[in-house]
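> Any chance you could fold what I've pasted below:
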Amino acid sequence: MVNHVNLVKLCVGADSPDDLSGWQSKRFCAGQVSHVTRMWPRREAELLAGGSIYWVFRGTILARQLVLGLEERIGEDNIRRCALLLDKTLIRTAAAPRRPFQGWRYLAPEDAPPDLPPGRDTDDALPPALAAELAEMGLR
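Model (predicted):
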């Protein structure tokens, strides 16, 4: 029985998993990879029991990262935020279409796209629109 929950989040500013990986490498160098969000997950225990953040690129989930922890961050505006501490490894997933939304949403494990088989993560990525269309038809 699966006892964790995942998050799904739009990846703003990166067009592909390679873009996100490159950006994270430059920004965090040898440090902890994190993503800061305004809301603290209410299902924290379930998220930390093996959950991942699934990244949506131009309307299609294409990758995920394991969530390792949560950390409080107070901004210059004195507002409490949540830093999602992420594994540095970006795992490619099968393409799964997602409609636009704000913030993040919970994603049940049974609704999450499967990881790509070993060796497929270095395949040339399909253009996001084509990957979304194939996923919509159930062909990818």
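> In the chain, spot the strand with the most residues.
Identified as the longest strand of the chain according to DSSP state E is strand 60-74.
> which parts of that one are buried?
Thr60, Ile61, Leu62, Ala63, Arg64, Gln65, Leu66, Val67, Leu70 (16 or more other Cβ atoms under 10 Å). Every residue, glycine included, has its C-beta placed from N, CA and C.
> what bits of the protein have low per-residue confidence?
1-2, 120-129, 131-132, 135-136, 138-140 (pLDDT under 70).
> Could I get the full set of strands for it?
6-10, 33-37, 52-57, 60-74, 80-86, 91-97, 104-107.
> Now do the contacts for the nearest residue to Val33 once chain neighbours are set aside.
Distances taken as Cβ to Cβ, 6 or more residues apart in numbering put Leu86 closest to Val33, at 4.5 Å, once the chain neighbours are dropped. Contact analysis of Leu86 by Cβ atoms under 8 Å, 6 or more residues apart in numbering lists Val33, Ser34, His35, Ile53, Gln65, Leu66, Val67, Leu68.
> From those, pick the one nearest Arg42.
Closest to Arg42 out of these is Val67 (14.3 Å), distances taken as Cβ to Cβ.
> now the closest one: how far from Pro41?
Per Cβ to Cβ, to the nearest Å, Val67 is found 9 Å from Pro41.
> so what sits against both of these two?
Leu7, Leu47.
> does Lys9 have beta-bridge partners, and which?
Counting by DSSP bridges, Lys9 is bridged to Trp55, Trp104.
> Generate a markdown table for the strands of the chain, with distance to Ser16 as supplementary columns.
Below are the strands of the chain laid out as a markdown table (distance: least, Cβ to Cβ, whole Å):
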| stretch | distance to Ser16 |
| --- | --- |
| strand 6-10 | 14 |
| strand 33-37 | 17 |
| strand 52-57 | 6 |
| strand 60-74 | 7 |
| strand 80-86 | 17 |
| strand 91-97 | 10 |
| strand 104-107 | 20 |
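> Indicate which one of those strands is closest to Lys26.
Nearest to Lys26, of all those, is strand 33-37, at 11.3 Å by Cβ to Cβ.
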